[in-house]
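[1] Need coordinates for the following:
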Amino acid sequence: MPSMKPLQMSEYATNHKDVAWTPSIKSGARDEILGPITNYCEDLKTVVRRKTRTVECGPINFGSDHPIVRQTMATTNTADVEDSIAQIMRCADKGFDLVRITVQGKREANAAMKIREGLFKKGYDIPLCADMHFQPKVALMVADAVEKIRINPGNFADGRKDFEEKVYETEEDYIMEREYLFDAMLPLVEKCKALNRAMRIGTNHGSLSSRVLSFYGDTPRGMVESAIEFADICRSQDYHNFVFSMKASNPLVMVQSYRLLAAEQYRLGWDYPLHLGVTEAGEGEDGRMKSAIGIGTLLADGLGDTIRVSLTEDPEFEYEPCNRLAEIASTRLATNPEAGARQAATKTFTDTRDITTFARRKGAVLEKREDESVDASGFLCPDGSVISVVTPEMFTKENIPYLYAGLGCKTAVGMPFKDIATSDSIFLRTVPPSTDGDARTALRRLAEVSVGLIAPVEELEKDPLPNSIAHMSLDDAIARKGELPPGAIRLAIEVHGDEEEDQLKQLKSLDPAMIFINTAPGISNLHSSRRLFELIKSEDIQTSVIHHYQTSDSDSNELALQMGTRVGSLLTDGLGDGVMVEQVGDNDGFTLDFLRKTSFSLLQGCRMRSTKTEFVSCPSCGRTLFDLQETTAKITEETGHLPGVTVAVMGCIVNGPGEMADADFGYVGTIPGKIDLYYGKEVVRKNVPEEDAVLELVDLIKEYGMWKDKEPAEEEEEESLVAA
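    Presented below is the predicted three-dimensional model:
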């Protein structure tokens, strides 16, 4: 392990050749010297916060010995001192521990000093973080005013234009450029150390430098190596008051990057805190869901010391989801008696997940059988399934049209048809009696268009339902030897995570159409589910696995956070083939339509099944050159019906082509009143007047063959069919 002892003054590196650079990963030297990566968190069986050093930031501290720090970013023009002070005060009053401000140049650096002084005069000591891009000299100026500096390795010093003209094919070529990085970074490190300022080395997936992209590609490994290189410079000056971040708009990339960085820190003997965030998460439940998927997954393994939920909303609205994620994380720590007991009660297993890569386990889809009168191949979707829970009152004659609409069906003359975001199957705890002709006709019509009908075996034995799927516990399935009740054509088995290994192995011979995970209350959902998937893998069980999530929540934002954290933390590891959300207790406040759409949002956030346009929308800051919330709403209205298409809406060029790495099309502010439109990372229309830019974006999508017209409203469609 590298020594952590303080360096003497004479030992400080004065040029890049003196730096004790971390051994190369590409040459294999790191593995040879330090051994392979072993762990990425403290414990795979219990939730324990990763042990870190304390990083000081004015009146607050980052690190495992301190509460998770909740932070946001101001959206005001930093040069508007009074407006900025007022917004920061509102954020502090809301409960935030730190606010980041954008600093584009000397004007904003001078304003930052006035903002800091103004806050002190009003009795606010909330620390400020300066967000720096491209401006090492300005970073030096603003370090006098704020408690923390955020630098982006992709463009702070490593964004030189001449890097773009080279291809770094050898390690020697790549290493040669470190002289420039060291010389650009050293003055800031020295000043931060002298003033005891904190620093965030904040890598972004989409804004890696051309140098890093050339050598490592647009990968989590490139993100990690870029950050380590800058950390080596800090460490060469015995400066350790910094944290890392590995942000991405794609939660899967974000999770893998943070885990890889944590694993590298373990083998390097480093203990720097982690700042968690999904960049450009968006707005509303989707933004909260995406943030919960990424942040919640990492917190569930004890990773993360400060968090920011990046929403395309005013910063005050980020507090509730940010604070709730921190609260949820604290309830899952093993130091919490209830959580500790659940984790201890989970049966032991060997965790073989490979955090250096991502591979989704794809359960088998069903095949149509000649002896069945319905097509079972549509009961599940290979990209991820949504199963909706329906209740008897939904099958009254007057409610059936609303049932079809709630399931996402298109209709023609009252007949349902599957659409791109139709529930794949439905689950009925109570089956309408065979004497109810309207209900049974509706069920038959759903089955005829390949919607699966799942019901408890006890219900089906009382009153058979043709072409149904019999749902039973694993114990019952074993006792019955998989025998189906009359009318049923397939078997669904529910497991609770507390079964013995010998029981679970019988899933293979029972060969169900699907397996539901509904975790027993006394054990950890995360760890028992990982155990189940390990056994499924070892036994080569190909069955699709559906997460059965039961909720008593009545708030839509809370539901998004809980689903993202609880189910998303498994789907981000490729563990699961779909979700079924069931309201329990006295709560039935969510409509069928809302739960279906929320379920599809979860799958899309986990990069499984795309059923609508994906928006990568920056959360706005002082650099933003247009009304981001209003513009995002307009773009969503015009383009939100394009599944498989990703549109990035970026307030300025800093968040421009880089941070929209996953997007097909980009809408980026350049100067006030002007917009650049991108296809991928290439500008294809420059300086478009803002008032014309949304329609120009639509034209661009059409030009590249990714547009489709909005379909007529369902009522209009029915009227036209009847008229025909």
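[2] Give me the distance between the two termini of stretch 127-138.
    19 Å (Cα to Cα, to the nearest Å).
[3] Report the buried residues of it.
    127, 128, 129, 130, 131, 132, 133, 134, 135, 136, 138 (16 or more other Cβ atoms under 10 Å). To be clear about C-beta, it is placed using only N, CA and C from the backbone, and glycine gets the same treatment.
[4] mind giving me JSON lines with the residues you listed and columns for secondary structure, distance to residue 107 and pLDDT?
    Below are those laid out as JSON lines (DSSP: H, G, I helix; E, B strand; the rest coil; distance: Cβ to Cβ, whole Å; pLDDT from 0 to 100):
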{"residue": "127", "secondary structure": "coil", "distance to residue 107": "22", "pLDDT": "98"}
{"residue": "128", "secondary structure": "strand", "distance to residue 107": "16", "pLDDT": "98"}
{"residue": "129", "secondary structure": "strand", "distance to residue 107": "18", "pLDDT": "97"}
{"residue": "130", "secondary structure": "strand", "distance to residue 107": "13", "pLDDT": "95"}
{"residue": "131", "secondary structure": "strand", "distance to residue 107": "15", "pLDDT": "92"}
{"residue": "132", "secondary structure": "strand", "distance to residue 107": "14", "pLDDT": "88"}
{"residue": "133", "secondary structure": "coil", "distance to residue 107": "15", "pLDDT": "79"}
{"residue": "134", "secondary structure": "coil", "distance to residue 107": "15", "pLDDT": "77"}
{"residue": "135", "secondary structure": "coil", "distance to residue 107": "12", "pLDDT": "83"}
{"residue": "136", "secondary structure": "helix", "distance to residue 107": "17", "pLDDT": "87"}
{"residue": "138", "secondary structure": "helix", "distance to residue 107": "10", "pLDDT": "92"}
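[5] Which member of those residues is positioned nearest residue 308?
    residue 129 (10.1 Å; Cβ to Cβ).
[6] surely the closest one meets residue 101?
    Yes: counting by Cβ atoms under 8 Å, residue 129 touches residue 101, with 7.2 Å between them.
[7] shared neighbours, these two?
    Shared contacts of residue 129 and residue 101, defined by Cβ atoms under 8 Å, 6 or more residues apart in numbering, are found at residue 146.
[8] in the stretch 551-700 of the chain, which spans are strands?
    Using DSSP state E, counting those that start in this stretch, the strands found in the stretch 551-700 of the chain span residues 578-583, 614-617, 646-650, 665-671, 674-679, 682-689.
[9] Just the buried residues of the shortest one, please?
    Of the residues in strand 614-617, those scored as buried under the neighbour-count criterion (16+ other Cβ under 10 Å) are 614, 615, 616, 617.
[10] ok, now stretch 455-467?
    455, 456, 457, 459, 460, 463, 465, 466, 467.
[11] Output stretch 369-386 in CSV with nothing but the alpha carbons.
    The C-alpha atoms that make up stretch 369-386 are tabulated as CSV, following Å, rounded to 0.1, in the frame of the first residue of the first chain:
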residue,chain,number,x,y,z
ARG,A,369,-47.7,-23.0,-27.9
GLU,A,370,-49.9,-24.6,-30.5
ASP,A,371,-52.2,-26.2,-27.8
GLU,A,372,-53.0,-22.8,-26.3
SER,A,373,-55.7,-20.5,-27.6
VAL,A,374,-53.9,-17.3,-26.6
ASP,A,375,-50.4,-16.1,-27.5
ALA,A,376,-48.3,-16.2,-24.3
SER,A,377,-45.3,-14.7,-26.0
GLY,A,378,-46.6,-11.2,-25.1
PHE,A,379,-47.1,-11.9,-21.4
LEU,A,380,-43.5,-10.7,-20.8
CYS,A,381,-41.2,-8.3,-22.6
PRO,A,382,-37.5,-9.2,-23.2
ASP,A,383,-36.5,-5.6,-22.4
GLY,A,384,-38.3,-5.5,-19.1
SER,A,385,-41.9,-6.2,-18.1
VAL,A,386,-44.6,-4.2,-16.3
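[12] Let me have the strands of the stretch 551-700 of the chain in CSV, adding mean pLDDT and distance to residue 192 as columns.
    Output for the strands of the stretch 551-700 of the chain, formatted as CSV (pLDDT from 0 to 100; distance: least, Cβ to Cβ, whole Å):
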stretch, mean pLDDT, distance to residue 192
strand 578-583, 97, 45
strand 614-617, 77, 31
strand 646-650, 84, 29
strand 665-671, 84, 31
strand 674-679, 89, 34
strand 682-689, 88, 35
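[13] Lovely, talk soon.
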